[in-house]
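S.K.: need coordinates for the following:
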Amino acid sequence: MAYREVRLLKTCFQFCSKTWYNMAKKRGETMEKSKLRNIVVIVFLALVLIISISLVISKKNDSKENNITVTISAVKKNYLLGESNNESYIITNYKGDYKENDKVKFTYKLKDKKTKDGVVSIAISDEDLVLTTSSKNNTKVEEQERETSTSLETENDKASSTNPSQEEISTTETVQTVGNSSQTSTDSEVLTYVNNMKNNNQETLKESFITIVDFIFYNGQIKGHTFSELSASAKLKVLETALYLDTKINKYFPNYKEEISSKTGRTYNTVKSKVVSSYLNITSSICTKDATTCELAKEDFQTMKKNFGLTWSLIKEIAMDSKNNIKNWYEIWSGKK
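M.R.: Numbers count the residues shown, from 1 in each chain. Below is the predicted model of the structure:
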């Protein structure tokens, strides 16, 4: 028997002994020690029997095999992300070579099923492919390969006749250097202004909230610059500040967003969803180009997830039925690779 159950039985025994002794003492009864001991032993054995039966039933249920059919939405290095009846599942310990949109029946034991942050993780014991999409995609892949081959040949022909001279390359590099310097200056000016918004008091909170929302979604300007002029990493920092201000507005002025939405005709009461969607989309784009910035963005999102209550249920609601979003966004939300 496990150490935990032994301790439980010991505690029960001590409790029963003390209880019966106190009862006899309160009533002023003179109960022989042998009689008291017999009663306690009977109660103790009954408890042992009840706990033993409970343990057997519990272990039996834990070992019972369950089945679930999941549609694969993402294939990662060490796990599968799937959906079943609008629930998200992380599948581990699988052996098959699955593709997105494959439908697979997985077998697992209850003890190998865990739920965290609204996502169910299952270490499976058996698997059975129900429906695969690979056969449907083969023809499309072949057509795409032929189109790509033709396109590359055409591009190579053009490139051979339009190779830039050394002078042109030098001019391009000079322009890029000037552009990078200008970009850094723009980012610095905007981020300095935006970061100061977090230090504002309640009196200026409303104004800061409108300023940053208009800047992100309604072509507003900060220091003469627009949101589209910023680098991707700077945009993420602005979005994080917008979430911070949105949380403060909800705390101190819970009806304010509805009021200004009705007055201005602009949507302020769905800022959280729009900001999160923008952050995840920009991060997804970054992760296809810059691994270092990608990891930093993912780390920052883990902090945002805790600070602003960004549950997986909320992320799925924002993604709606977009499988591509769910696939890309889960990796960012979970921090897994």
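S.K.: secondary structure class for the closest residue in space to Glu240 that isn't next to it in sequence?
M.R.: Nearest in space to Glu240, with sequence neighbours left out and distances taken as Cβ to Cβ, 6 or more residues apart in numbering, is Met304 at 6.1 Å. (C-beta placed from N, C-alpha, C; glycine too.) What DSSP: H, G, I helix; E, B strand; the rest coil gives for Met304 is helix.
S.K.: mind listing what Met304 touches?
M.R.: Glu240, Leu243, Tyr279, Leu310 (Cβ atoms under 8 Å, 6 or more residues apart in numbering).
S.K.: would you mind measuring from it to Val130?
M.R.: 37 Å (Cβ to Cβ, to the nearest Å).
S.K.: quick one: the strands in this protein?
M.R.: 65-75, 80-84, 87-92, 103-116, 119-131 (DSSP state E).
S.K.: now these as JSON lines including distance to Thr293, mean pLDDT and mean neighbour count?
M.R.: Converted to JSON lines, the strands of the chain look like this (distance: least, Cβ to Cβ, whole Å; pLDDT from 0 to 100; neighbours: other Cβ atoms under 10 Å):
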{"stretch": "strand 65-75", "distance to Thr293": "22", "mean pLDDT": "88", "mean neighbour count": "17"}
{"stretch": "strand 80-84", "distance to Thr293": "23", "mean pLDDT": "89", "mean neighbour count": "20"}
{"stretch": "strand 87-92", "distance to Thr293": "26", "mean pLDDT": "89", "mean neighbour count": "19"}
{"stretch": "strand 103-116", "distance to Thr293": "28", "mean pLDDT": "88", "mean neighbour count": "16"}
{"stretch": "strand 119-131", "distance to Thr293": "26", "mean pLDDT": "88", "mean neighbour count": "16"}
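S.K.: of these, which is nearest Ile318?
M.R.: Closest to Ile318 of the strands of the chain is strand 87-92 (Cβ to Cβ; 13.6 Å).
S.K.: identify all contacting residues around the closest one.
M.R.: For strand 87-92, the external contacting residues (Cβ under 8 Å, 6+ apart) are 68, 70, 78-83, 106, 118-124, 312, 316, 326, 330.
S.K.: mind listing what the residue nearest to Gln221 when sequence neighbours are not counted touches?
M.R.: Here the nearest residue to Gln221 in space, its sequence neighbours aside, is Phe215; by Cβ to Cβ, 6+ apart that works out to 6.9 Å. Contacts here follow Cβ under 8 Å, 6+ apart; on that basis Phe215 touches Gln221, Ile222, Thr226, Phe227, Val238.
S.K.: which residue sits closest to the last one, ignoring its sequence neighbours?
M.R.: This means Val238. Nearest non-adjacent residue to Val238, counting by Cβ to Cβ, 6+ apart: Val194, 5.4 Å away.
S.K.: from what I can see the one you found touches Ile222, true?
M.R.: Yes. Val194 lies in contact with Ile222 (Cβ atoms under 8 Å); the separation is 6.9 Å.
S.K.: joint contacts of the two?
M.R.: Joint contacts of Val194 and Ile222 (Cβ under 8 Å, 6+ apart) are Ile212.
S.K.: got the strands of the chain as TSV, with distance to Ser188 columns?
M.R.: TSV is the format used below for the strands of the chain (distance: least, Cβ to Cβ, whole Å):
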stretch	distance to Ser188
strand 65-75	37
strand 80-84	38
strand 87-92	40
strand 103-116	39
strand 119-131	38
